[in-house]
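Q: generate coordinates for the sequence data below:
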Amino acid sequence: MVDLLDYAIVPAGPGDAADLARVHVKSWRETYPGHLPQTYLNGMRPSAHARRFYRDLMRASPGEVVLLAESAEGPVGYASGARLKAETRPADSEVFTLYVLKAAQKAGLGRALLNSAARVFQADGARSLMLRVLSSNRKARGFYEHLGGEAFAEVPSQGWGGGLTEIAYRWGDIARLTK
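A: This next block holds a predicted model:
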């Protein structure tokens, strides 16, 4: 049986870029068949994503966070996000990505990653949090709704040839996630 105690969540740095990329590509290939074009998923290369992660982590700004979830076998998930500066935003922090490999799901790791990111933002003064998920990803939508996320907008998704939409979720009180 998989247990949350079998995992550690740590801040990621540039040296974690290759691990983040492997988790990213594998989780997308596990999560998005039927949601994104299969040719795009098949064409994803960890080396290209590792370069992007490395570049982004090398020039991270204050308020940005990348957390890596690890097991004894290696990395199994990650979350990233940032504090938002514009007062016109619907929240003052946002989780941009949160992925857990299928083999590590059902242990509470997704909740722990979201909670950990929310705690980092809250410690930096955030009072609210938002994220977006593909409208067609009912499993992820159910997960965020179960955690108290309130859908507040449907917006066009960028990339993949168009025609996709995302649902934006918000926690108006970030403390709902950090308790």
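
Q: ignoring the adjacent residues along the chain, who's closest to residue 75?
A: The shortest distance from residue 75 to any non-neighbouring residue, by CB to CB, 6 or more residues apart in numbering, is to residue 19 (4.2 Å). All C-beta spots, glycine's among them, are computed from the backbone N, C-alpha and C.

Q: isn't the one you found right up against residue 71?
A: No - counting by CB atoms under 8 Å, residue 19 sits too far from residue 71 to count as a contact (11.8 Å).

Q: quick check: the residue nearest to the spatial centre of the chain vs residue 86, distance?
A: Residue closest to the average C-alpha location in the chain (CA atoms, centre = their mean): residue 98, at 1.8 Å. Applying CB to CB, to the nearest Å, the value for residue 98 to residue 86 is 22 Å.

Q: and what of residue 172?
A: 17 Å.

Q: who has more neighbours, the two?
A: Applying other CB atoms under 10 Å to residue 172 and residue 86 shows that residue 172 carries more neighbours, namely 14 against 6.

Q: nearest residue to the more buried one other than its sequence neighbours?
A: Nearest to residue 172 is residue 128, by CB to CB, 6+ apart, at 5.3 Å.

Q: cool, residue 124 as well?
A: Of all residues not flanking residue 124 in the chain, residue 83 sits nearest, at 5.6 Å (CB to CB, 6+ apart).

Q: can you give me every residue that contacts that neighbour?
A: By CB atoms under 8 Å, 6 or more residues apart in numbering, residue 83 lies in contact with 63-64, 92-93, 121, 124-126.

Q: I'd like those residues as TSV, with pLDDT appended.
A: What follows is those, written out as TSV (pLDDT from 0 to 100):
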residue	pLDDT
63	92
64	96
92	94
93	97
121	97
124	94
125	94
126	95
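
Q: got any ranges where the protein has weak pLDDT?
A: Low-confidence regions of the chain, defined by pLDDT under 70, span residues 1-5, 160-161.

Q: now residue 142: how far from residue 71?
A: 24 Å.

Q: neighbour count: the two, which is higher?
A: For residue 142 versus residue 71, neighbours defined as other CB under 10 Å are more numerous around residue 71 (17 against 10).
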